[in-house]
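> Structure for this input, please:
(chains A and B)
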Amino acid sequence: MNKGILITLPRHDDVTEYLSAFSKEIEQEASERGIKVKELKDGEAVKNIFEKSLINLDYSMIVFNGHGTEDSIKGYKDEIIVASELNENLLKERIVYARSCHAASSLGKLATLGTKNGCFIGYIVPFKFWANSLYAHNPLKDDLARIFLEPSNLIPISLIKGNSAKEASQNSKRRIIKNIKKILRNRTNESAFIAGDLWNNYVGQVLLGNQSATL
Amino acid sequence: MKKENNENDAEIAEKLKEVVIARIEAQVPSNYKLYIGSYAGLSKEELIEHVKKGDKIGKFIVKAHLSFMKALASGEFIKTINSVEDE
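Residues are numbered from 1 along each chain as shown, chains lettered A, B, ... in the order given. Prediction:
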């Protein structure tokens, strides 16, 4: 297996647009540390290109941005890119972060079953975030979305920095709590609502497989 | 007895929906959108509509609200918040 990151960046709706935009910060961190990144953008984020790229490059880490179900992760235009009993064996022994709803519930479990080095960080609940519609065309300037997406970025960024999977997940969760505290200190009308949805991502984020895995 | 319990449960569920709707109305700014799963960004009005209808997304919103309330009531939320130091 080669040290590198395969990242899916489908951008066919607002959710995938936001997730892909915030992924630039992950790629920037990797670039600064000389770690190779293969982007699967838009129409490239589909099953056959994903499989071909992963087999050819054999990168040790995968970051998925896209919609998900308990058994699958989707790519461009919601085409299934990886699913249980279909091609989940491709994830085995790799470090996987799935910024997708529910995928840790079943797919993540299957992908780490019997694994020695691999791990899967994802969510057993729907991943939620709020965004300010005034920034829909410039997601990176949306401080509201940042409150939710920056902690999730910390998972791959921590791994890129050499942290273990366990440390990466903890760093992310700690940032969620710090953001909750910040929000509650602001005491705006919407503070409690935002805090509740950050809490959803906090309790729903899980690490499966080898907790000591490093990139 | 069972019928009475079912009626009570339904009444509680209705009251809970009312609480969630009141919170959305009072606390969500009109320019905010919530992204859950594959649903397009949900505006304040759309969130209220889903909760009123009690459809899949509406049920999820109410369930998430209840789950957060439980974490607050059990002390789990405060305990977790206090376990992380400020920067």
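> which strands and helices sit next to the longest helix seen in chain A?
Ordering each helix of chain A by length in residues (DSSP state H) puts helix A:165-186 first. Contact partners of helix A:165-186 among helices and strands, from 3 or more C-beta pairs under 8 Å, 6 or more residues apart in numbering or on different chains; DSSP states H and E: strand A:119-123, helix A:143-160, helix A:191-204, strand A:205-209, helix B:76-82. Any C-beta I mention is one placed from the backbone N, CA and C, and that applies to glycine too.
> Pick the most buried one from the ones you listed.
Of all these, strand A:119-123 has the most neighbours on average by mean count of other C-beta atoms under 10 Å in any protein chain shown, namely a mean of 27.
> Could you give the average pLDDT over it?
Mean pLDDT, strand A:119-123: 98.
> quick check, distance from that strand to the centre of its chain.
How far strand A:119-123 lies from its chain's middle: 8 Å, per C-alpha atoms, centre = their mean, to the nearest Å.
> Tell me the first helix or strand C-terminal of it.
strand A:128-132 (DSSP states H and E).
> Measure how that next one sits relative to helix A:191-204, angle-wise.
Here the directions of strand A:128-132 and helix A:191-204 differ by 140 degrees (axes from the mean of the first three to the mean of the last three C-alpha atoms, to 10 degrees).
> and strand A:128-132, anywhere near chain B?
Yes. Shown here: strand A:128-132 in contact with chain B (C-beta under 8 Å from any C-beta of the partner chain) through A:128-132.
> Make JSON lines from those residues and add pLDDT and neighbour count to it.
Output for these, formatted as JSON lines (pLDDT from 0 to 100; neighbours: other C-beta atoms under 10 Å in any protein chain shown):
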{"residue": "A:Lys128", "pLDDT": "94", "neighbour count": "22"}
{"residue": "A:Phe129", "pLDDT": "96", "neighbour count": "27"}
{"residue": "A:Trp130", "pLDDT": "96", "neighbour count": "22"}
{"residue": "A:Ala131", "pLDDT": "96", "neighbour count": "24"}
{"residue": "A:Asn132", "pLDDT": "95", "neighbour count": "16"}
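> Now flag whichever of those is closest to A:Ser172.
Among those, A:Phe129 lies closest to A:Ser172 (C-beta to C-beta), at 13.7 Å.
> can you pull the contacts of the closest one?
The contact partners of A:Phe129, by C-beta atoms under 8 Å, 6 or more residues apart in numbering or on different chains, come to A:18, A:145, A:148-149, A:197, A:201, B:34-35.
> what does the model give the residue nearest the centre of chain B for pLDDT?
Nearest to the geometric centre of chain B sits B:His65, at 2.7 Å (C-alpha atoms, centre = their mean). pLDDT for B:His65: 91.
> and A:Val37, what are its phi and psi?
phi -130, psi 130 (degrees, to the nearest 10).
> does stretch B:49-63 come close to chain A?
Yes. Stretch B:49-63 lies within reach of chain A by C-beta under 8 Å from any C-beta, at B:Phe60.
> Can I get that stretch in CSV, CA atoms only?
Extracted in CSV, the C-alpha atoms of stretch B:49-63 (Å, rounded to 0.1, in the frame of the first residue of the first chain):
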residue,chain,number,x,y,z
GLU,B,49,-43.8,21.9,7.6
HIS,B,50,-41.9,18.6,8.0
VAL,B,51,-42.5,18.5,11.7
LYS,B,52,-46.2,19.4,11.3
LYS,B,53,-46.6,16.6,8.7
GLY,B,54,-44.7,14.1,10.8
ASP,B,55,-43.0,12.7,7.7
LYS,B,56,-39.6,10.9,7.8
ILE,B,57,-37.6,14.1,8.1
GLY,B,58,-40.0,15.7,10.5
LYS,B,59,-39.8,12.6,12.8
PHE,B,60,-36.0,12.8,12.6
ILE,B,61,-36.0,16.4,13.7
VAL,B,62,-38.2,15.7,16.6
LYS,B,63,-36.2,12.6,17.6
